[in-house]
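# Okay, predicted coordinates and the sequence, questions at the end:
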Amino acid sequence: MKQDYRPTWRKPVGILGLVLALVVYAFGIAALSGTIGKWHVLVQTVVYVVLGTIWLLPLRRFLIWMETGRWG
């Protein structure tokens, strides 16, 4: 009934990769903040909401890969 648990390299590498990717993404958005800051406040709000949620799109498949080793 209970399966053998064998730790894999995917979880620690995946977590480190995810943290690194989020840091790079955050610095990229921060680098654009000077340009975005000159826009109208409503446009800024929409841009930051979109940029704040867009990183979630690949997250599901990435977490599936970390758990199973398959991308789907």
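Okay, I see it. Numbering: from 1, shown residues only.
# from here on, contacts and neighbour counts on C-alpha atoms
Noted.
# Quick one: low-confidence residue ranges for the chain.
Across the chain, the ranges flagged by pLDDT under 70 are 1-2, 4.
# in it, which spans are helices?
Under the criterion DSSP state H, helices of the chain are mapped to 10-36, 41-54, 59-68.
# looking at these, which is buried most?
Of all these, helix 59-68 has the most neighbours on average by mean count of other C-alpha atoms under 10 Å, namely a mean of 15.
# Would you format the helices of the chain as CSV with distance to Gln3 included?
Listed next are those as CSV, based on distance: least, C-alpha to C-alpha, whole Å:
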stretch, distance to Gln3
helix 10-36, 18
helix 41-54, 36
helix 59-68, 14
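# Geometric centre of this structure: which residue is closest?
In the chain, the C-alpha nearest the mean C-alpha coordinate belongs to Trp55, at 4.4 Å (C-alpha atoms, centre = their mean).
# which residues touch that residue?
Listed by C-alpha atoms under 8 Å, 6 or more residues apart in numbering, Trp55 has no contact partners.
# Would you quantify the distance from it to Val13?
Going from Trp55 to Val13 by C-alpha to C-alpha, to the nearest Å gives 18 Å.
# go on, Val49?
To Val13, Val49 is 29 Å away according to C-alpha to C-alpha.
# before we move on, what about Phe62?
Distance, Phe62 to Val13, using C-alpha to C-alpha: 11 Å.
# Over to Leu22?
Distance of Leu22 to Val13, given as C-alpha to C-alpha: 14 Å.
# do Gly28 as well
Gly28 is 22 Å from Val13, by C-alpha to C-alpha.
# what do you get for Ala30?
Ala30 is 25 Å from Val13, by C-alpha to C-alpha.
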